[in-house]
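> the sequence and its predicted three-dimensional model are supplied below.
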Amino acid sequence: MEQLPNQFVKTPDGSIYLEVHGSPEGVPLIVLNGGPGFDHSYLKVSGAWLSLSATRPVVFYDQRGTGKSFPLKEGVSCTFVDQISDLEEIRSHLNLNQMDLLGHSWGGFLAMAYVARHPSFVRRLILVNSGAPKLQDNVFLFEDVYPEAVKRQKAEEFGMEMGDEEAIKAYITEYLSMLFVSNEKKDQFIAQADPKWYIHKVNQKLWSDAEKFDLTPELSKFAQQTLVISGRFDMNVATSVAYKIHKEIPNSTFKVFEQSGHMPFFEEEEAFVQTVDGFLSQD
């Protein structure tokens, strides 16, 4: 994937790390990763973005407190409003009057919030296994389908809260093990996973703050062409959540990947690229 020189976008609290890949032509696709607390690295285990970048710029960034962006220090804010503001700083830095947004998981929740605040800058919206517009309405199936993995995961929670790196690694590995349909794909992904992709204190701060917001009333106002995607066997955000989002957004398109869990861009890469590229390329 061709990459322009790494960039840092200044915000009032620190610098956000930014990557721009692919063709300089076309409407840029800004990709918002999941979490909260993960950086964008996990997305790039998939080759889908390489394919999509052949005809448009594809932009990744590390959300505040994660990856190569500025770390959270004592007294530094990490709110949901900050996340929206950071994305607007990135848009302004890149001097974009129009962009396409793709949000995965938590990134879908953030993408919906950005569209609600800055609708004129977003041409098309893609929500991939997105969190519910009210986070308390998320439907998690982990305990129903993988009770033994959840038990092992909970056994690591105390160590993780204490900052034990081995506990964090074990916790994240258990979490990832429940996200895939294909055992082969699961093993491939976990083999490349790095626990440093995840910062627990960012997750804690941001999730508790974001729970104050309900974006549901905003969705009926969306005028952008919108594609809502779900993996049929997503344990992290059940397909019923995606379907409800689709029903709330006028004239949106709903697409289910039948052999995917939480990451259809990895499990059904070719079909995902065809779907997303077709959506973004249509007149």
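Great, that's in hand.

> wasn't residue 84 part of a helix?
Yes - Residue 84 forms part of a helix when assessed by DSSP: H, G, I helix; E, B strand; the rest coil.

> residue 181 contacts residue 258, correct?
No - with contact defined as Cβ atoms under 8 Å, residue 181 does not count as touching residue 258 (9.0 Å). (C-beta placed from N, C-alpha, C; glycine too.)

> so the two - more neighbours on which side?
residue 181 (20 against 11; other Cβ atoms under 10 Å).

> buried residues in stretch 55-64, which are they?
The neighbour-count check on stretch 55-64 (16 or more other Cβ atoms under 10 Å) flags 55, 56, 57, 58, 59, 60, 61, 62, 63, 64 as buried.

> swap in stretch 258-277?
260-269, 271-273, 275-277.

> quick one: the strands in the stretch 51-200 of the chain?
Applying DSSP state E, counting those that start in this stretch to the stretch 51-200 of the chain gives strands spanning 57-61, 99-104, 122-128.

> parallel or antiparallel, list what pairs with the shortest one.
So that's strand 57-61. Strand 57-61 has the following strand partners under DSSP bridges: strand 14-22 (antiparallel), strand 29-32 (parallel).

> put the alpha carbons of the first one into CSV.
Spelled out, that is strand 14-22. Taking C-alpha atoms only, strand 14-22 is exported to CSV below (Å, rounded to 0.1, in the frame of the first residue of the first chain):
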residue,chain,number,x,y,z
GLY,A,14,-1.5,17.1,21.4
SER,A,15,-0.7,15.6,18.0
ILE,A,16,-2.8,13.0,16.3
TYR,A,17,-0.9,10.5,14.1
LEU,A,18,-2.2,10.2,10.5
GLU,A,19,-1.5,8.0,7.5
VAL,A,20,-2.6,8.6,3.9
HIS,A,21,-2.3,5.7,1.5
GLY,A,22,-3.0,5.0,-2.1
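
> avg pLDDT for that strand?
Across strand 14-22, pLDDT averages out at 95.

> before we move on, what about the last one?
Averaging pLDDT along strand 29-32 gives 98.

> output it as PDB, restricted to C-alpha atoms.
The C-alpha trace of strand 29-32 is given here as PDB (Å, rounded to 0.1, in the frame of the first residue of the first chain):
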ATOM      1  CA  LEU A  29     -12.000   7.500   2.500                       C
ATOM      2  CA  ILE A  30     -11.400   8.200   6.200                       C
ATOM      3  CA  VAL A  31     -11.400   4.900   8.200                       C
ATOM      4  CA  LEU A  32     -12.300   5.100  11.900                       C
END
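
> quick one on the thing from earlier: what is the nearest of the buried residues of stretch 55-64 to residue 220?
residue 63 (27.3 Å; Cβ to Cβ).

> the closest one and residue 35 touch, don't they?
Yes - here residue 63 reaches residue 35: they are 6.9 Å apart, a contact under Cβ under 8 Å.

> shared neighbours, those two?
With contacts taken as Cβ atoms under 8 Å, 6 or more residues apart in numbering, residue 63 and residue 35 have residue 202 as neighbours in common.

> now stretch 162-171: buried residues?
167, 168, 169, 170, 171.

> rebuild those residues as CSV, extending it with distance to residue 160 and pLDDT.
Formatted as CSV, the buried residues of stretch 162-171 follow (distance: Cβ to Cβ, whole Å; pLDDT from 0 to 100):
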residue, distance to residue 160, pLDDT
167, 5, 92
168, 5, 90
169, 9, 90
170, 8, 93
171, 5, 92
